[in-house]
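*Asks:* The following block contains a protein sequence and its predicted model.
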Amino acid sequence: MAEKEKGDLSVREAGKRGGEIRKEQLGPRGYSELGKKGGEAVARERGHGFYEEIGQKGGETVARERGHGFYEEIGQKGGEVGGPRVRELIGKGKAEEKK
């Protein structure tokens with residue numbers, strides 16, 4: 001691979017800079033709306049299964065890198081932060097698993 005010359009950007013660096021410039025142009029709210037439109041377009045093109053697949057891959061990667069204990073820890077923290085409503089939902093989920 002050729003050595004980068006001064007001033008050359010990788011595709012990743014160029015994309016990041018372009019995104020930062022666009023965010024400045026649109027402001028936080030406009031940039032957020034743009035992201036939602038992009039997400040909706042992906043959902044229409046690829047369907048719900050696409051999100052399930054990438055979520056599963058991400059979860060497997062986190063489990064491999066951080067271990068099962070990580071999920072227990074963040075689940076505990078979520079229950080503390082979410083309070084009674086989260087505990088209620090967890091209870092319902094566990095009840096469904098037993099059926």
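*Replies:* Thanks, I have the structure now.

*Asks:* Name the helix or strand of this structure that has the lowest mean pLDDT.
*Replies:* Lowest by mean pLDDT, DSSP states H and E among the helices and strands of the chain is helix 68-82, with a mean of 78.

*Asks:* Give me the helices and strands touching that one, please.
*Replies:* helix 48-66, helix 84-98 (3 or more CB pairs under 8 Å, 6 or more residues apart in numbering; DSSP states H and E). C-betas here are computed from N, CA, C, even on glycine.

*Asks:* Now do it: distance to the chain's middle.
*Replies:* On the basis of CA atoms, centre = their mean, to the nearest Å, helix 68-82 sits 17 Å off its chain's mean C-alpha point.

*Asks:* Glu97 and Ala14, how far apart?
*Replies:* Applying CB to CB, to the nearest Å, the value for Glu97 to Ala14 is 47 Å.

*Asks:* Tell me which of those two has more neighbours.
*Replies:* The residue with more neighbours, out of Glu97 and Ala14, is Ala14; 11 against 7, by other CB atoms under 10 Å.

*Asks:* Identify the residue nearest the geometric centre of the protein.
*Replies:* Gly55 (8.2 Å; CA atoms, centre = their mean).

*Asks:* Out of the helices and strands packed on helix 68-82, which gets the lowest mean score?
*Replies:* Here those differ in mean pLDDT, and the lowest is helix 84-98 at a mean of 81.

*Asks:* what comes up buried for that one?
*Replies:* Residues of helix 84-98 classed as buried: none (neighbour count, 16 or more other CB atoms under 10 Å).
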